[in-house]
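Undergrad: I need the structure of the sequence given here:
(2 chains)
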Amino acid sequence: MSFTSLSYFLFLPAIYLIFHLTPQRWRWLVLLLGSYLFYATLKAPYLLAALFTITSVSYLCAIGMAANEDDGTRKRWLWGGSFACVAVLALFKYLPFFESGMNQLFGINATLSQTLISIGVSYYSFQAISYLADVYLEIETPERHLGHYALYLAFFPKLLQGPIERAGDLLPQLKSGSPFDYDRARSGMLLFAWGLFKKVVVADRLALYADQIFNNVHLYGGIPLLLGCYAYALQIYFDFSACTDMARGTGRLFGINLSENFNSPYLSTSIADFWRRWHISFSRWILDYIFRPLQLGWRDWGQAGTALALVLTFLVSGIWHGATWGFVVWGLLHGLYLAASTYYRPYQKKLHKRLGVAKSPLLKWWQVFVTFHLVTFAWVFFRAASLADAWYVVSTIPRLGMRGISDFLDPGKRGLMVTLLCLALLGMGALRPQAVSLVKSSFSGRGRWLCYYVFAMLTVICGIFGKAGFIYGRF
Amino acid sequence: MGGLKEMELQERLNAIFCEVFDDEEISIAPETTSNDIDGWDSLTHVNLITSIETRFDIRFTQKEMLKQRNVGDLMADISRKLAERQ
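TA: Numbers count the residues shown, from 1 in each chain, chains lettered A, B, ... in the order given. Okay, the predicted model is just below:
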């Protein structure tokens, strides 16, 4: 069930009421059963089986690790548990890839993978691996209560699209079964509504433009293609950050603070900065559990070791998104950007001084401009239907042709206006979350309610409902 | 402390920090973390580790490096390794 579906609007109040009517010490059970019910509505029993498998394997491996002092044995529990999580994840994500290979090799026509969905698997398997690693490093003590641990993996607001939570951040909150708090519930509902607005009004309307371009790239010249790339860059941000807002808003209703996943990423001044602000819970995960071990392991190779670790880490990140060449190229591009910046960084300040721009206020905006375009360039490979399409887009844009421009702006001239208006509103809001709280605090009483009504009306009138789910639900 | 007093170790370590982060003003304490020092990120951290290993002639294990959370953890690992060697 998607956060924007009618069934979720019925499910959420129901579970919220039951939660608060239940004695505090049993509230974890309400959330756990609610989360399993939420997952079961996807009507894919094998997904529940995958969740149960990962839950029980990682729970037992952590207990096994804690029962042993010997580092070699502890390491075997860590690797055994992590391998099981990766195996389940790989089975779901890469079955279509293996199946098509087998079909070609043996001339058969297996179609099992066409009906298989893997929604959520990559998020809870990554969480289980982080838990095992933290127990191994003795940063976390293993959780003995199976119910609490199962809820840590299954908690429904973050089950399908993250954020990927560390055990130390989430488990203590889940255990506390927090009492009703008016302010927290209110801010949770506001955050949820804000996310809904961003998704159905902004992201899904931008999707009309991005989809039109990327579904038929060969019909367009350079300018419409460039506009389509911008539309997609904004769409994926609004879509994904909306989803995170709705997850965090839901979490707050139950007294749970989930991690922030975005911090104005398109205002980043470098690619390294971008990865500190974009999909933060995921980038923290790959940096802590893939990059750092590789980088420290290869420290004798100096800068080359760091550069290689970056390329490999982001290659894995690309493959995590799916078994297509587009994701591989996207990951590789980010890895190469970062690897190149490790060599460039020592000369950066000297270069700025030599050019006389070190103290210019324009420097920051130039860096934001360049970073945004490097990120958008990589999104082309992420979004295009094939590598050939992506190549067509990036090789046609420099020619700046206008072919198809009138066709491109046709599907909603009104829609375009609404989108631009919303973007102007969001310009300070979504791109700068601090500004949202400033606006909220500066309104009081009637002014605030007027604001709520306007947003609610805008959401209902301008929103596109009944569209497919969130982009990051696929991963 | 394996022949090396805690204050002496901290002073030697401080000198390495100043050199790696190119800042003479740095003054470390056991509770100092990467948030307290300008430029201490995952990229410069590896330079810090290799400098420490060279100066003290020790070798950290992967697990030790991943567990270190602040300067105090670093100092504890260094003095343990120095003590083991004697």
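Undergrad: contacts, neighbours, all on C-alpha from now
TA: OK.
Undergrad: burial count for the residue of chain B found nearest chain A?
TA: For chain B and chain A, the shortest gap (CA to the nearest CA) falls at B:Lys67, measuring 6.0 Å. A count of nearby residues for B:Lys67, using other CA atoms under 10 Å in any protein chain shown, gives 15.
Undergrad: Ok, A:Phe408 next?
TA: By the criterion of other CA under 10 Å, A:Phe408 has 21 neighbours.
Undergrad: For it, give me the pLDDT.
TA: A:Phe408 carries a pLDDT value of 71.
Undergrad: again with the one 5 residues further on
TA: Per-residue confidence (pLDDT) for A:Lys413: 58.
Undergrad: returning to what we had before: would you agree the residue of chain B closest to chain A is in contact with A:Glu140?
TA: No: the criterion here is CA atoms under 8 Å, and B:Lys67 misses it with A:Glu140 at 11.2 Å.
Undergrad: about what we covered before: spatially nearest residue to the residue of chain B closest to chain A, not counting backbone neighbours?
TA: Leaving aside its sequence neighbours, B:Lys67 sits nearest to A:Leu137 (CA to CA, 6 or more residues apart in numbering or on different chains; 6.0 Å).
Undergrad: Tell me who's in contact with that neighbour.
TA: For A:Leu137, the contact set (CA atoms under 8 Å, 6 or more residues apart in numbering or on different chains) comprises B:Lys63, B:Leu66, B:Lys67.
Undergrad: hmm, try it at 10 Å
TA: Residues near A:Leu137 by CA atoms under 10 Å, 6 or more residues apart in numbering or on different chains: A:Arg74, A:Lys75, A:Tyr131, B:Lys63, B:Glu64, B:Leu66, B:Lys67, B:Gln68.
Undergrad: Among those, which lie within helices?
TA: With DSSP state H as the criterion, helices contain A:Arg74, A:Lys75, A:Tyr131, B:Lys63, B:Glu64, B:Leu66, B:Lys67 from among those.
Undergrad: The second one touches A:Ala133, doesn't it?
TA: Read it as A:Lys75. Yes: in this structure A:Lys75 lies within contact range of A:Ala133 using CA atoms under 10 Å: 9.5 Å.
Undergrad: overlap in contacts of those two?
TA: Joint contacts of A:Lys75 and A:Ala133 (CA under 10 Å, 6+ apart) are A:Gly81.
Undergrad: mind checking how far stretch A:168-180 is from the chain centre?
TA: Distance of stretch A:168-180 from its chain centroid, counting by CA atoms, centre = their mean, to the nearest Å, is 23 Å.
Undergrad: near chain B at all, that stretch?
TA: No: shown here: stretch A:168-180 not in contact with chain B (CA under 10 Å from any CA of the partner chain), separated by at least 14.7 Å.
Undergrad: backbone phi and psi for the closest residue to chain B within chain A, please?
TA: Proximity of chain A to chain B (CA to the nearest CA) peaks at A:Leu137, 6.0 Å away. Backbone torsions for A:Leu137, taken as degrees, to the nearest 10, come to phi -80, psi 0.
Undergrad: For chain B, what lies in contact range of chain A?
TA: B:42-47, B:49-50, B:60-69.
Undergrad: Going by neighbour count, which residues in whichever helix or strand A:Val368 is part of are buried?
TA: Assigned by DSSP states H and E, A:Val368 falls within helix A:361-383. Within helix A:361-383, the residues that count as buried by 16 or more other CA atoms under 10 Å in any protein chain shown are A:364, A:367-383.
Undergrad: now stretch A:168-182
TA: In stretch A:168-182, counting by 16+ other CA under 10 Å, buried: A:Leu170, A:Leu171, A:Gln173, A:Leu174, A:Lys175, A:Gly177, A:Ser178.
Undergrad: The second one touches A:Leu146, doesn't it?
TA: Right, A:Leu171. No: distance between A:Leu171 and A:Leu146: 11.7 Å, which falls outside the contact criterion (CA under 10 Å).
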